[in-house]
Every structure is written in structure tokens, then in C-alpha cells.
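In: here's my sequence, what's the structure:
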Amino acid sequence: HESAQQSLVFRHATHRHTMNVTENAKSADSTSPCPSEPSILRFEIWSNDGGEYSTTYKCENILKPDASVYCTDRRRNINVVLRITDEPFFTVTHFILKAPEYGFTAPVGDGLLFFSYDPLPAEVLDTFNDYDGKRFEAYVEAKHKTGDSLGSTDPAAFFSLKDGWCLVQKLPIPRFGRFVTIKFVRPRLNRGENIDIQFIGFKGITGPQQFAVGKLA
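Out: This is a model prediction of the structure:
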């Protein structure tokens with residue numbers, strides 16, 4: 001692919017795509033098909049700082065339940081911000097991530113999720129650059145020791161697609177907001193020059209709900 005000349009930013013995207021999920025999907029299992037039933041949650045691209053190889057591999061492809069792929073033009077710490085459409089806010093309980101299984105050199109590996117009512121400043125997101133699972137666990141543990149809970153400026157979940165091609169992950173605690181920020185930290189392989197993502201989707205409901213109090217693992 002030819003690298004984009006500069007990072008592209010999408011504001012108020014005109015195309016809206018339905019998210020995908022199923023109740024009984026298995027996490028990170030390359031032998032099982034990735035979920036393909038419509039979810040009730042719908043998002044649009046609000047912003048993206050990862051650039052694009054070309055218009056064929058545009059950021060909006062990650063919201064489409066098909067074989068299209070988003071290819072960034074750099075390989076680390078890419079922030080894609082989604083905004084809920086048609087509703088004032090959401091409650092998210094699960095998320096889905098799918099990497100392209102064939103034909104791409106840098107399938108998505110690790111990343112973080114943030115949920116907020118407003119877009120997060122770049123300096124907040126930069127704090128979590130190059131995070132891995134161990135650093136995320138240490139961060140959460142330190143929060144617990146001080147009696148603090150994770151807020152909107154803290155990552156709500158860490159994900160990794162080091163083994164399978166499709167991940168369905170339940171959040172430790174349902175998260176509320178209007179915006180989802182996905183920080184794609186790195187590709188699966190160290191030699192990857194960019195990050196290739198096929199799909200990300202969310203399961204949940206619109207509007208506020210009450211849930212039992214819990215703690216993050």
C-alpha cells in the first residue's frame with residue numbers, strides 16, 4: 001500500500017453502520033466464525049489520528065460487518081474515537097474485535113478502551129502509549145490500593161489478539177458514555193509497519209441502567 005501523506009481526521013461521519021455481536025460468541029477462537037448478527041448499538045467515526053494507506057482501507061471500514069479492512073499509516077498508539085448515533089448515550093457490556101485473517105501484514109495486536117461523555121484530550125491518551133497487559137494490570141492495582149475507581153480518563157479494558165483472529169470480551173463493569181476511544185497500541189507482529197483492523201463492535205443498550213456494584217479484575 002502507498003502511505004497517506006498525512007493523518008486524516010473524520011468529523012461527523014455521514015455513513016452510519018450497525019455493530020455486530022452474539023450472546024454466545026467465544027473469545028479469541030480462530031476456529032469459530034466471528035459474530036455477525038446486528039447489535040442495537042450504532043456508532044460513527046468522530047476522529048482518527050492513524051492516517052490511511054488509501055481510501056480503499058479507510059477508517060470507516062472498522063464499523064462494517066464485512067471483509068473490508070482499515071489499514072493505518074503508522075504502527076503505534078493510534079486513537080480512533082467513536083460517537084454513539086441516534087441516542088444521547090450508551091451502556092456497553094461487551095466488545096468485539098476482529099483482525100483480518102489473510103492477506104495483510106500487520107493484524108491488530110494490543111490496545112485499550114476508554115468510555116467517556118466527551119472526547120478525551122490527546123495528552124490524556126498519550127499517557128497510556130505503549131501499554132501492555134502487565135502495565136494495565138499494575139495501573140488498575142495501583143488505583144485499587146488508593147481506593148480510587150477507574151474514571152473516564154482511565155482505560156476501562158485492555159485487549160490482545162496475539163493468538164486468535166476474533167475477540168469477544170465482557171467488560172468487568174458496564175461502562176457509560178457518548179464516546180468510545182480505541183487506542184490501537186501495536187500490531188500483532190513486531191515487524192508490522194502499520195496496524196490492520198477488520199472490525200470493532202459493541203454490545204449494550206442505549207440510555208442509563210442500574211447494575212450491581214463490582215470491581216475490576
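In: only C-alpha atoms from now on, for both contacts and neighbour counts.
Out: Noted.
In: state the distance from the residue nearest in space to the middle of the chain to Ser47.
Out: In the chain, the residue lying closest to the centroid (C-alpha atoms, centre = their mean) is Ile182, at 3.7 Å. Note on Ile182: its distance to Ser47, by C-alpha to C-alpha, to the nearest Å, is 11 Å.
In: wasn't the residue nearest to the centre of the chain part of a strand?
Out: Yes - applying DSSP: H, G, I helix; E, B strand; the rest coil, one finds Ile182 inside a strand.
In: that one contacts Phe114, doesn't it?
Out: Yes - with contact defined as C-alpha atoms under 8 Å, Ile182 and Phe114 form a contacting pair (6.6 Å).
In: flag the shaky bits of this structure, pLDDT-wise.
Out: Applying pLDDT under 70 to the chain flags the ranges 1-40, 207-217.
In: quick one: buried residues of the helix ranked longest in it?
Out: Secondary structure of the chain per DSSP state H: the longest helix is helix 133-145. By neighbour count with 16 or more other C-alpha atoms under 10 Å, helix 133-145 contains the buried residues 136, 140.
In: cool, stretch 84-93 as well?
Out: So stretch 84-93, judged by 16+ other C-alpha under 10 Å, has buried residues 84-85, 89-93.
In: okay if I get the residues you listed as JSON lines plus secondary structure?
Out: Formatted as JSON lines, those follow (three-state DSSP):
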{"residue": "Ile84", "secondary structure": "strand"}
{"residue": "Thr85", "secondary structure": "coil"}
{"residue": "Phe89", "secondary structure": "coil"}
{"residue": "Phe90", "secondary structure": "strand"}
{"residue": "Thr91", "secondary structure": "strand"}
{"residue": "Val92", "secondary structure": "strand"}
{"residue": "Thr93", "secondary structure": "strand"}
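In: mind putting those residues in JSON lines, distance to Asp148 included?
Out: Converted to JSON lines, the buried residues of stretch 84-93 look like this (distance: C-alpha to C-alpha, whole Å):
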{"residue": "Ile84", "distance to Asp148": "27"}
{"residue": "Thr85", "distance to Asp148": "31"}
{"residue": "Phe89", "distance to Asp148": "24"}
{"residue": "Phe90", "distance to Asp148": "23"}
{"residue": "Thr91", "distance to Asp148": "21"}
{"residue": "Val92", "distance to Asp148": "21"}
{"residue": "Thr93", "distance to Asp148": "21"}
